[in-house]
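Peer 1: Got a sequence here, can you build the structure:
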Amino acid sequence: MDRTERFYKIDQLLKDSKVVSFARLRDSLGVSRATLKRDLVYMRDRFNAPIEYVRAGNGYRFGKPRAGPRYELPGLWFNATEIYALLTTLQLLSNLQPGLLDGQVPALVERLHAILGRGDRSWQEIQKRIRI
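Peer 2: Numbering: from 1, shown residues only. As a prediction, this is how the structure comes out:
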């Protein structure tokens, strides 16, 4: 099961039960303890998932919505290579006709940068190198 499928499976398990044990999550996903922890952290940090640990039930559940964007799994997934290609295309279009995409694109570009991760600055290098 790939990472995307795991996110959807975690989401479904948490929606279907009040509290889901860590062991049940691991068994359902077929992953290591470390992988499950990384997935939960990723969902909290990147998707703003209100996943919380419940000590009394020794498991996880969806809590109250967190501040910031509403939690929702994306309907359209890109891998890093596809995101770089999209950012490159946007950069090329903005160089060809400045102002053409100014109103529509900044929010999209910001989300793409967020998906790539805060520590990944490769996209900045790509933008510096594109010239027509």
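Peer 1: Please make it C-alpha for all contacts and neighbour counts, starting now.
Peer 2: Noted.
Peer 1: Now do the spatially most central residue of the chain, the pLDDT please.
Peer 2: Per CA atoms, centre = their mean, the C-alpha nearest to the average position across the chain is that of residue 46, at 4.4 Å. pLDDT, residue 46: 89.
Peer 1: show me the contacts for the closest residue to residue 69 other than its chain neighbours.
Peer 2: Counting by CA to CA, 6 or more residues apart in numbering, the nearest residue to residue 69 once its immediate chain neighbours are dropped is residue 48, at 6.8 Å. Residue 48 makes contacts with 66, 68, 69, 70, 71, 72, as judged by CA atoms under 8 Å, 6 or more residues apart in numbering.
Peer 1: Can you classify the first one as helix, strand or coil?
Peer 2: The three-state label given to residue 66 by DSSP: H, G, I helix; E, B strand; the rest coil is coil.
Peer 1: Burial check on it, number of neighbours?
Peer 2: 13 (other CA atoms under 10 Å).
Peer 1: Specify the helix with the largest residue count in the protein.
Peer 2: Criterion DSSP state H: the longest helix present in the chain is helix 80-96.
Peer 1: name the helices or strands packed onto that helix?
Peer 2: When contacts are defined as 3 or more CA pairs under 8 Å, 6 or more residues apart in numbering; DSSP states H and E, helix 80-96 sits against helix 106-116, helix 122-129.
Peer 1: related to what we said a few turns ago, how about the residue nearest to residue 69, phi and psi?
Peer 2: Backbone torsions of residue 48, given as degrees, to the nearest 10, read phi 60, psi 30.
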